[in-house]
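Undergrad: Fold the following and give me the result.
(2 chains, ligands or ions: 1)
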Amino acid sequence: MTIRPLDPVQALERMMLIRAYEETLIDLHGRGRAAGTCTSVGQEAPAVGVVSALTADDLILTNHRSAGHLLARGADPGRMLAEVMGKQDGYCGGKSGSLHISAKELGVVLTSTIVGGELALATGVGLSRTMLSKPGLNQPGIVACFFGDGAATEGRFQESLNLAAVWKLPILYVCENNQWQAFVHRKETMLADGISGQAAALGVESAVVDGNDPLAVFDAASSAIDTIRRTGKPFLLEAMTYRLRGHFEPDDQGYVDKAELAHWRDRDPILCLRARLEREGRLTADGVAAIEARVRAAMEAATAFADASPYPGLDALTTDVYA
Amino acid sequence: MTTMTVNDAISVALAEEMRLDPTVMIFGEGVATKRHDLLAEFGAARVRNTPLAEGIIAGTAAGAAATGLRPVVDLLFAPFLCYAMDEIVNSAGKLRYISGGQFKFPMVVLAMTGAGWGVGAQHNHNVESWFVHSPGLKIVMPSTPADFKGLMKSAIRDDNPVLVFADIALGYSAGEVPEDADAIPLGKAAVRREGRDVTLVSYAKTVGTCMAAADTLAAAGIDAEVIDLRSLKPLDEDAILRSVAKTGRLVVVHEASRLCGVGAEIAALVAEKAFTSLRAPVLRLTGPDAPAPASFPLEQAFVPQADAVVAAVRSLVAEPATV
Ligand SMILES: Cc1ncc(C[n+]2csc(CCOP(=O)(O)OP(=O)(O)O)c2C)c(N)n1
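TA: Next up is the predicted model:
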């Protein structure tokens, strides 16, 4: 299967849309219009890089920092905002809020905010991919499971990789190692420099990639997915990146080392890609302005849509409990 | 009619449902080893041994159920559900609601529970009410082989997570099972014995205790009605209320401890909806608020006994009538 190459300008636009979405949400929260959220600011590159390497048949599981994954998959920012604001036209009818948005139509099966919950369910989704793949279809979809370095300190991480390896489940485990686990720095909770080192012991192939470079992530994810499709076995991709904002809005990041933050701000994935494309002559200042205008218009439309959407009727309180 | 044990009835139900529906599968620690008939008939893809990791077993079931399979998982002894609680309660039970009805979770969790094997507190704990208290789940706890077969079949066909607790002491008890019997609907109690003077409500092995007590009471001229709940959620409120309306007296008997147990719910239900038909206080006979002992005589004393049921009923019938 040949994956179409990632157009870097389109990747930049998608990353800018994700950033704009998060900024809109922060603003809405500041004005009391939406609950606080865990944003994905700074982590746009793994979202766009990995999701662009998936096909429409592939399924996604993710965690509380899921907006980037959903938008990279083509989610409508208006329905996302409506969901976060608890409105009827949100992806989950307003019942999920920002932390658990799932969208079956986009192949986003369940977003867990129980840290590690997505790792526990991913094996089952991988199992159904394997069991239900149609005979003659030589490329059954794979499952991409996004989780953080904090989740990797939970036992479910080992349990999940172990079972996926033993049962040969087609799962791309994507650890977004953003250095933070809520208010605790990764270095306080693990001695290793990353989590990929654990994979080999469980019989899982792995790779580490610069998680602030969407093109590098795309290449690494494409080759990992290719391996999964060829071998039917799981693969762990660790994207080294950084959480540029606090854990949960609002958060003044008073606990973050200033030098560390400055170091990673210089490596902001959007600014870096933009500078690179300008340097290479693939993007002009006008081109950037045009993208900015499109993104702004998209977010204005999204906000208007979410504003106009009604709250669910109170009977929704007890619907969808049972199938 | 065939005579079979509860354990056989569970296996027969599994085999029949696996024959009917290729998406039904079973996995758990030693499942493929112990249920070799199923392995022989359905193969290693649908009958699987798992690692010793209840969390990932239950999570895998939830993920598989969300994406098209109908898994049955055997978690062995009920106390081990503590390891799988997150996946059962937070994922399987909640994700349909959180996703606004996008996903369903047709899965069955099997576990053994209750006194009878002298296995002690970490293998014997009646935890059913924990799960009754959790939204999105269904709980069955039958007492006869025919009910185990019929309710297992319904549990497998149900589009929601269903926990089936098998009372250890009943595993090798035999009973008649109609060959052509089909599924027994969840949420329907069985009247095991009709009576006019007092209602005994129970489930699992204490149904037998109530039947024995009813025999003794009959010899003394007291006519007890025995109701076997079979499923705790949904609860057959009508069966309870109908019987109490007739008898005016109620004793609830179960082995799980009293505080916030199923008996508390039934007592409250009757107080709310059948208060005026009561001729005496509602009584509960339950296991103590203590871990289950391993010592045989202590373990027997843990379980409400027939003579205690008889004494409780006598105390009620001796009460002066209020109407
Ligand atoms: C089981 C569980 N424990 C604790 C929390 C609270 N919590 C939410 S996010 C978070 C940090 C998770 O860190 P990581 O997995 O690295 O993801 P990140 O937030 O960095 O993306 C914690 C502790 C939770 N949601 N679930």
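
Undergrad: any idea how far A:Thr130 is from B:Leu232?
TA: 35 Å (CB to CB, to the nearest Å). The C-beta positions use only the backbone N, C-alpha and C, and glycine is treated the same way.

Undergrad: The two - which one has more neighbours?
TA: More neighbours surround B:Leu232 than the other of A:Thr130 and B:Leu232, with 25 against 18 (other CB atoms under 10 Å in any protein chain shown).

Undergrad: C-terminal to the helix or strand harbouring the more buried one, what's the next element?
TA: In this assignment (DSSP states H and E), B:Leu232 forms part of strand B:231-233. Helices and strands here follow DSSP H and E; after strand B:231-233, the next one along the chain is helix B:237-247.

Undergrad: list the helices and strands that next one packs on?
TA: strand B:198-202, strand B:224-228, helix B:262-273 (3 or more CB pairs under 8 Å, 6 or more residues apart in numbering or on different chains; DSSP states H and E).

Undergrad: Run the angle between it and strand B:198-202 for me.
TA: Relative orientation of helix B:237-247 and strand B:198-202, computed by axes from the mean of the first three to the mean of the last three CA atoms, to 10 degrees: 150 degrees.

Undergrad: Show me what counts as buried in helix B:237-247.
TA: Within helix B:237-247, the residues that qualify as buried are B:237, B:239-244, B:247, counting by 16 or more other CB atoms under 10 Å in any protein chain shown.

Undergrad: what sits up against the strand holding B:Leu232?
TA: B:128-129, B:131-132, B:137-141, B:151, B:186-189, B:203, B:262 (CB atoms under 8 Å, 6 or more residues apart in numbering or on different chains).

Undergrad: The same query, at a cut-off of 7 Å, please.
TA: Contacts with strand B:231-233, where a contact means CB atoms under 7 Å, 6 or more residues apart in numbering or on different chains, come from B:128, B:132, B:137-141, B:151, B:186-187, B:203, B:262.

Undergrad: Just those: which are in helices?
TA: Using DSSP state H, B:128, B:132, B:151, B:262 are the members of the contacts of strand B:231-233 that sit in helices.

Undergrad: what would those look like in JSON lines with distance to the ligand, pLDDT and neighbour count?
TA: Formatted as JSON lines, those follow (distance: CB to the nearest ligand atom, whole Å; pLDDT from 0 to 100; neighbours: other CB atoms under 10 Å in any protein chain shown):
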{"residue": "B:Glu128", "distance to the ligand": "24", "pLDDT": "98", "neighbour count": "27"}
{"residue": "B:Val132", "distance to the ligand": "23", "pLDDT": "98", "neighbour count": "19"}
{"residue": "B:Leu151", "distance to the ligand": "33", "pLDDT": "98", "neighbour count": "27"}
{"residue": "B:Val262", "distance to the ligand": "29", "pLDDT": "98", "neighbour count": "26"}
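
Undergrad: Who are the contact partners of the residue of the stretch 201-323 of chain A found nearest the ligand?
TA: Going by CB to the nearest ligand atom, the ligand is nearest to A:Arg243 of the stretch 201-323 of chain A, at 5.7 Å. For A:Arg243, the contacting residues are A:42-43, A:178-180, by CB under 7 Å, 6+ apart.

Undergrad: which residues of the chain fall in helices?
TA: You didn't say which chain, so I picked chain A. With helices called from DSSP H, chain A shows them at A:8-30, A:44-52, A:67-72, A:77-84, A:117-132, A:155-166, A:186-189, A:197-201, A:214-231, A:258-265, A:269-279, A:285-308.

Undergrad: The chain in question should be chain B.
TA: Along chain B, counting by DSSP H, helices occupy B:6-20, B:31-34, B:36-42, B:54-66, B:81-85, B:95-98, B:128-132, B:145-157, B:206-219, B:237-247, B:262-273, B:296-302, B:306-317.

Undergrad: elements contacting the third one?
TA: Counting contacts by 3 or more CB pairs under 7 Å, 6 or more residues apart in numbering or on different chains; DSSP states H and E, helix B:36-42 packs against helix B:6-20.

Undergrad: Dump the helix it packs on to PDB, keeping only the CA atoms.
TA: Extracted in PDB, the C-alpha atoms of helix B:6-20 (Å, rounded to 0.1, in the frame of the first residue of the first chain):
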ATOM      1  CA  VAL B   6     -24.600 -25.600  36.200                       C
ATOM      2  CA  ASN B   7     -21.100 -25.700  34.800                       C
ATOM      3  CA  ASP B   8     -22.300 -27.800  31.900                       C
ATOM      4  CA  ALA B   9     -25.200 -25.500  31.300                       C
ATOM      5  CA  ILE B  10     -22.800 -22.600  30.900                       C
ATOM      6  CA  SER B  11     -20.800 -24.500  28.400                       C
ATOM      7  CA  VAL B  12     -23.800 -25.700  26.400                       C
ATOM      8  CA  ALA B  13     -25.100 -22.100  26.200                       C
ATOM      9  CA  LEU B  14     -21.700 -20.900  25.000                       C
ATOM     10  CA  ALA B  15     -21.500 -23.600  22.400                       C
ATOM     11  CA  GLU B  16     -25.000 -22.900  21.100                       C
ATOM     12  CA  GLU B  17     -24.500 -19.200  20.900                       C
ATOM     13  CA  MET B  18     -21.100 -19.600  19.200                       C
ATOM     14  CA  ARG B  19     -22.700 -21.900  16.600                       C
ATOM     15  CA  LEU B  20     -25.400 -19.300  16.000                       C
END
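
Undergrad: hey, which helix or strand in chain B has the poorest pLDDT?
TA: Counting by mean pLDDT, DSSP states H and E, chain B has its least confident helix or strand at helix B:296-302, which shows a mean of 93.

Undergrad: What residues of that one count as buried?
TA: Buried residues in helix B:296-302 (16+ other CB under 10 Å): B:299, B:302.

Undergrad: and that helix, how far from the chain's centre?
TA: Computed by CA atoms, centre = their mean, to the nearest Å, the separation of helix B:296-302 from the middle of its chain amounts to 21 Å.

Undergrad: now stretch B:2-10
TA: 16 Å.

Undergrad: Could you check the pLDDT of the residue nearest to B:Leu269 when sequence neighbours are not counted?
TA: Once flanking residues are discounted, B:Leu269 sits nearest to B:Glu237: 6.0 Å by CB to CB, 6 or more residues apart in numbering or on different chains. pLDDT, B:Glu237: 98.

Undergrad: surely B:Glu237 meets B:Glu272?
TA: No - applying CB atoms under 7 Å as the test, B:Glu237 and B:Glu272 come out as separate, 10.0 Å apart.

Undergrad: residues touching A:Ala122, list them.
TA: By CB under 7 Å, 6+ apart, A:Ala122 lies in contact with A:61, A:143, A:145, A:160, A:171, B:63.

Undergrad: Tell me the spatial nearest neighbour of it, not counting adjacent residues.
TA: Nearest one to A:Ala122, counting by CB to CB, 6+ apart, is A:Cys145 at 3.9 Å.

Undergrad: Tell me what the one you found is bridged to.
TA: Judged by DSSP bridges, the bridge partners of A:Cys145 are A:Leu61, A:Tyr173.

Undergrad: what number of residues lie near it?
TA: A:Cys145, neighbours per other CB under 10 Å, totals 30.

Undergrad: Could you do the one 3 residues further on as well?
TA: Residues within reach of A:Gly148, counting by other CB under 10 Å, total 26.

Undergrad: what's the spacing between it and A:Arg65?
TA: 7 Å.

Undergrad: what does A:Thr231 give?
TA: Distance of A:Thr231 to A:Arg65, computed by CB to CB: 29 Å.

Undergrad: how deep is A:Glu280 tucked in, by neighbour count?
TA: Applying other CB under 10 Å, I find that A:Glu280 has 9 neighbouring residues.

Undergrad: residue contacts, it?
TA: A:Glu280 touches nothing, counting by CB under 7 Å, 6+ apart.

Undergrad: now it: how far from A:Glu13?
TA: According to CB to CB, A:Glu280 stands 16 Å off from A:Glu13.
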